[in-house]
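Participant: Structure for the following, please:
(2 chains)
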Amino acid sequence: MEVANQLLNDGKAYYCYASKEELAEMRDTARAEGRAPGYDGRWRDRDPSEAPAGVDPVIRFKSPNEGSITINDAVQGDVTIQNAQLDDLILLRADRTPTYMLSVIVDDHDMGVTDIIRGDDHLTNAARQLQLYAALGWDAPKMAHIPLIHGPDGAKLSKRHGALGVEAYRDMGYLPEAMRNYLLRLGWSHGDDEIISTEQAIEWFNLENIGKSASRFDFDKLENLNGTYIRNADDAYLTTVIAPYLEEYVGNKLSAEQHLLVKNAMNGLKERAKSVISLAESSQFLIAERPLAMDNKASKLLTADAIQILQRLADRFDTLTEWTKEQIEEVVRVSAEAEDLKLGKIAQPLRAALTGTTVSPGIFDVLEVLGKETSIGRIRDVNIDS
RNA sequence: GUCCCCUUCGUCUAGUGGUUAGGACGCCAGAUUUUCAUUCUGGAAACAGGAGUUCAAUUCUCCUAGGGGAUGCCA
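Facilitator: Take a look at the predicted model:
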């Protein structure tokens, strides 16, 4: 690369023939003596004519040994590092390819990058890069080094740990907007504000309010945030989001009617979901084939007595000419009275018959959304089963 | 080892030289309720420790401890 050659010509870089073994030895002795570890600069001023035969040299940067360099960081403040602490880094490898340190510098410069925001694990790199910028006579970009995010146990995030890509969080059922809100709040604040939309975040975000300490990833809070975003989300949008899960469940594409069915039930469904996954699961009963499979708790509710009561209820439903929530509720309440039962006693078995589970949106909503035919059909299915 | 950074409830955080140290998640209790949720009310819960500056320190300074990061012919 020309930049490396330019530094070479300016006497700001040099060839180094040190072997891997020598390097390891330098590190060991430096550590033993309590000095800064790293290359000791043995080829810094040596003439290339002394080079050992058959060794492809690397090109090292002749970094200043005296004084110090201070990084004017937008979040860390002024951080000063002694130049002596920084050894002569490699610019070009033995095979003439550039190292990361050289690449970023010239890339950023060529691309006209003005601001660098990255993890604070790059803080010492910043010092080295600043030296390089100075040697090249280039203006250094503004820098901001933000704290790292740790795993739930306080350890550094790793592949084993939860530092997964965004797709992983999507697959766990987190909405992108909830994820953004959570991450934003992790290390940055705007007073006591917690729920911050993406639009609001764009307007408010700044570097000054970024904290300096590392934070832990807390799934409980993420989940809570996810729940509130789901509750506030548009029904049609949520239906689209869970459609793929439902299609996997039924094994084929959702029909227009099924799609509509789910959308119509969404208002009650989203109220109790904390993730896209659980939302999809709680929606399954809507599009399930008759007869419904009962889960354990549901079948326990369907005693012989309960089933008889439900059949009588179904008969009453038959006589309805209008299938509206009000009509349905009226019939159920009247039935309960006629059977001398509390509403709950009839609502739970009914829920079991209609959904196959013990958990669902309000029972009248379920009835209405399912429609007269399906509702009565599912109730009668229960009779036949037993 | 050396260098750099960090430290307010369990977690994410607000905050000020004088506050009952605030909010959120979680937790506990209660209310509402056809299930589960939601919602509402109340509660427990923190300024890491030690010096110093000051009439007064959570807030300013120093030290200690603890945590994190960097120490590659990786990026």
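Participant: Every contact and neighbour count from this point should use C-alpha atoms.
Facilitator: Will do.
Participant: Show me which residues of the stretch 151-300 of chain A are close to RNA strand B?
Facilitator: Residues of the stretch 151-300 of chain A lying close to RNA strand B by C-alpha under 7 Å from any atom of the strand are A:154-156, A:185-194, A:209-218, A:220-222, A:224-225, A:228, A:271-273.
Participant: The stretch 201-350 of chain A: strands as residue ranges?
Facilitator: Ranges of strands within the stretch 201-350 of chain A are A:215-216, based on DSSP state E, counting those that start in this stretch.
Participant: burial measure for A:Val366, as a count.
Facilitator: Around A:Val366 there are 21 other residues, counting by other C-alpha atoms under 10 Å.
Participant: Could you check how far the residue nearest to it when sequence neighbours are not counted is from A:Asp305?
Facilitator: Once flanking residues are discounted, A:Val366 sits nearest to A:Ala265: 7.3 Å by C-alpha to C-alpha, 6 or more residues apart in numbering. To A:Asp305, A:Ala265 is 29 Å away according to C-alpha to C-alpha, to the nearest Å.
Participant: The residue nearest to A:Val366 contacts A:Asp365, correct?
Facilitator: Yes. With contact defined as C-alpha atoms under 8 Å, A:Ala265 reaches A:Asp365; the gap is 7.5 Å.
Participant: rewinding a little: need the per-residue pLDDT for the residue nearest to A:Val366.
Facilitator: At A:Ala265, the model reports a pLDDT of 96.
Participant: Next: the one 5 residues further on.
Facilitator: In this prediction, A:Lys270 carries a pLDDT score of 96.
Participant: and the residue lying closest to it once chain neighbours are set aside, how many neighbours does it have?
Facilitator: Once flanking residues are discounted, A:Lys270 sits nearest to A:Arg231: 5.3 Å by C-alpha to C-alpha, 6+ apart. Using other C-alpha under 10 Å, A:Arg231 is surrounded by 20 other residues.
Participant: Contact partners for A:Arg231?
Facilitator: By C-alpha atoms under 8 Å, 6 or more residues apart in numbering, A:Arg231 lies in contact with A:Lys270, A:Glu271, A:Arg272, A:Ala273.
Participant: Then A:Val382?
Facilitator: A:Pro291, A:Ile307, A:Ala353.
Participant: if you average pLDDT over the strand or helix carrying the last one, what comes out?
Facilitator: Pointing back at A:Ala353 there. Assigned by DSSP states H and E, A:Ala353 falls within helix A:343-355. Averaged across helix A:343-355, pLDDT comes to 94.
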